[in-house]
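Novice: based on what follows, work out the 3D shape:
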Amino acid sequence: MTPVYKVSYVVRGEDHPGAILNMDHAPRVGDHVRIGEREFTVTEVQELIPARDEFHFLHATVRGGAPS
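Specialist: Sure, this is the predicted structure:
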């Protein structure tokens, strides 16, 4: 089965709620991710708990970019 990455995105430095998203790949530092109408840059990625079967549980910290 294809891996599923459940990623908790936390936006640093501004009042944004972040999100929990299902992704088909793990985010990496420097990646860009769209949350709602905004695009953010990933600054940190951590594994929250070990993978269970095809499910991976990650935390990513992001910083804001310009509204699009």
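Novice: so which elements touch the longest strand along the chain?
Specialist: Looking across the chain with DSSP state E, the single longest strand is strand 38-52. Counting contacts by 3 or more CB pairs under 8 Å, 6 or more residues apart in numbering; DSSP states H and E, strand 38-52 packs against strand 4-12, strand 32-35, strand 55-67. C-beta here means a position set from N, CA and C on the backbone, and glycine is covered the same way.
Novice: ok, and what's touching it?
Specialist: Outside strand 38-52, the residues that touch it by CB atoms under 8 Å, 6 or more residues apart in numbering are 3, 8-9, 11-12, 16, 26-34, 56-68.
Novice: shaky segments in the chain?
Specialist: For the chain, applying pLDDT under 70 flags the ranges 65-68.
Novice: at 50 instead, please
Specialist: 68 (pLDDT under 50).
Novice: T2 contacts E54, correct?
Specialist: Yes. Judged on CB atoms under 8 Å, T2 makes contact with E54 at a distance of 6.7 Å.
Novice: more neighbours, these two?
Specialist: E54 (10 against 5; other CB atoms under 10 Å).
Novice: in contact with the more buried one, which residues are there?
Specialist: Shown in contact with E54 (CB under 8 Å, 6+ apart): M1, T2, P3, V4.
Novice: state the number of residues packed around the third one.
Specialist: Under the neighbour criterion other CB under 10 Å, P3 is assigned a count of 13.
Novice: would you confirm that it contacts D24?
Specialist: Yes. With contacts counted by CB under 8 Å, P3 reaches D24, the gap being 7.5 Å.
Novice: so what's the most far-flung residue of the chain relative to its centre up against?
Specialist: Most distant from the centre of the chain: M1, at 21.3 Å, with distances by CA atoms, centre = their mean. Under the criterion of CB under 8 Å, 6+ apart, the neighbours of M1 are D53, E54.
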